[in-house]
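**Q** all I have is the shape, not the residue letters:
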Ligand code: ADP
Ligand code: MG
C-alpha cells in the first residue's frame, strides 16, 4: 500500500493546486512512478483547469461518490506526463463524501503515490477529506493571514491524527514586508520543508494549462518542486545540466535539503525512511 498525501492550507489562493499538479507531473514524468492526483476541492474544483483537462467531463469524483460512475471511468491521463487525474466536477450541487475513504484505499492499491488537493478553509468539506489522509503537507505564503491559517491547520491535523509531513513556503520574493522562513517556523513550531520562490511564469503556465515544471522546467520554482517531489518518494533530485553543476561547484548555488517532518505513524514512517527530521 502506498500513501495518500493531502495538500492543505486553511487560506485559499496560496498555491495548493499549483503544487499538487506540479508534484504529480514531476513524480510521473521525471521519476517514472505511478502517481495520481485527486481533486477533493468539491466546491471550487480547479485541478482539472491546471492540467487543461476540462472538456465537459461527465465522470468525475462526484459521480464516483454518488455511485453514478466507477472509479476507473473517472480517471483521466494527463497526456504530456502520463500522470493520472481524478478530477472533480465544475457543476454545483450537493455531494456526499462518505465513500471518500474507500476511494483513497482503492487508489493506494494501484498507485505509488496519491496526492490530494484539498479545498480552502477548515470546515466540513476539508475535515471529511483530511481524516482519510495518511499524511499532509501544509502550504503557506509568507504573510500573516496565510501563516495564521497554517497554524490552525497544524492544530486540525493534530486533532485528526494526520501526520504533518512538511510545510511549504510558497511565493517567496524576499521583500522586507514578508514573514521570514524563521518567523514562520517559530509560529508553527515546525520546520519549513522548502521555499518556493515567487515566479511570474506560474500565472502564464496556469493560462496555458501547462504545469510550471513542464513550461519552465529549469526555473528556480520548478527546481524546488522537483526536489520536494523527490523527497516525497524517498530520493534526491539534482539537475544534470553542466551550468548548474559548475555554479554549484563555485558556490553560486547553495543546496538546501528538503526537510520532511518525521512521521509519528509507523505506516508513514516505513515508507519514508529518508529525509527525516526529528521534532522535539
Ligand atoms: P490554491 O489552490 O491554494 O487556491 P492556486 O494553486 O490556485 O492556489 O494558486 C493561486 C494563484 O497563485 C494562481 O494564480 C497561481 O498561478 C499562483 N501561484 C502559485 N504558486 C506561485 C508561485 N510560486 N509564484 C507565483 N505565482 C504562484
Ligand atoms: Mg486550489
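**A** Thanks, I have the structure now. Here the structure is a predicted model, which is why all the values come from computation and not from measurement. Ligands and ions are numbered 1, 2, ... in the order given.
**Q** low pLDDT regions in this protein?
**A** Low-confidence segments of the chain, defined by pLDDT under 70: 265-280.
**Q** helices of that one, residue ranges please.
**A** Applying DSSP state H to the chain gives helices spanning 16-25, 47-50, 61-66, 100-110, 124-130, 144-160, 181-188, 201-208, 212-215, 220-232, 242-249, 266-271.
**Q** buried stuff in the longest one?
**A** Buried residues in helix 144-160, defined by neighbour count with 16 or more other C-beta atoms under 10 Å: 146, 147, 149, 150, 151, 153, 154, 156, 157. Bear in mind the C-beta positions are built from the backbone N, C-alpha and C, glycine included.
**Q** between the residues you listed, which sits nearest residue 238?
**A** Lowest distance from residue 238 to the buried residues of helix 144-160 (C-beta to C-beta) belongs to residue 150, with 28.7 Å.
**Q** grab the nearest non-local neighbour of residue 86.
**A** Nearest non-adjacent residue to residue 86, counting by C-beta to C-beta, 6 or more residues apart in numbering: residue 38, 4.6 Å away.
**Q** can you tell me which of the helices of the chain comes nearest to residue 88?
**A** Proximity to residue 88 (C-beta to C-beta) singles out helix 61-66 among the helices of the chain, at 5.0 Å.
**Q** residues near residue 218, how many?
**A** Using other C-beta atoms under 10 Å, residue 218 has 12 neighbouring residues.
**Q** next up, the contacts around it.
**A** 239, 241 (C-beta atoms under 8 Å, 6 or more residues apart in numbering).
**Q** make it 10 Å
**A** Neighbour list for residue 218: 226, 239, 241, 243, 244 [criterion: C-beta atoms under 10 Å, 6 or more residues apart in numbering].
**Q** kindly report the residues of the protein close to ligand 1.
**A** 9, 12-18, 46, 120, 170-171, 196, 198-199, 202-203, 206, 221 (C-beta under 6 Å from any ligand atom).
**Q** give me the buried subset of these.
**A** Taking 16+ other C-beta under 10 Å as the criterion, what is buried in those is 9, 14-18, 46, 120, 170-171, 196, 198-199, 202, 206, 221.
**Q** nearest to ligand 2, of the residues you listed?
**A** Checking these against ligand 2 by C-beta to the ion gives residue 17 as the nearest, at 3.3 Å.
**Q** which residue packs closest to that closest one, ignoring adjacent ones?
**A** Using C-beta to C-beta, 6+ apart and skipping residues adjacent in sequence, the residue nearest residue 17 is residue 46, 4.9 Å away.
**Q** what about that neighbour, distance to residue 39?
**A** 8 Å (C-beta to C-beta, to the nearest Å).
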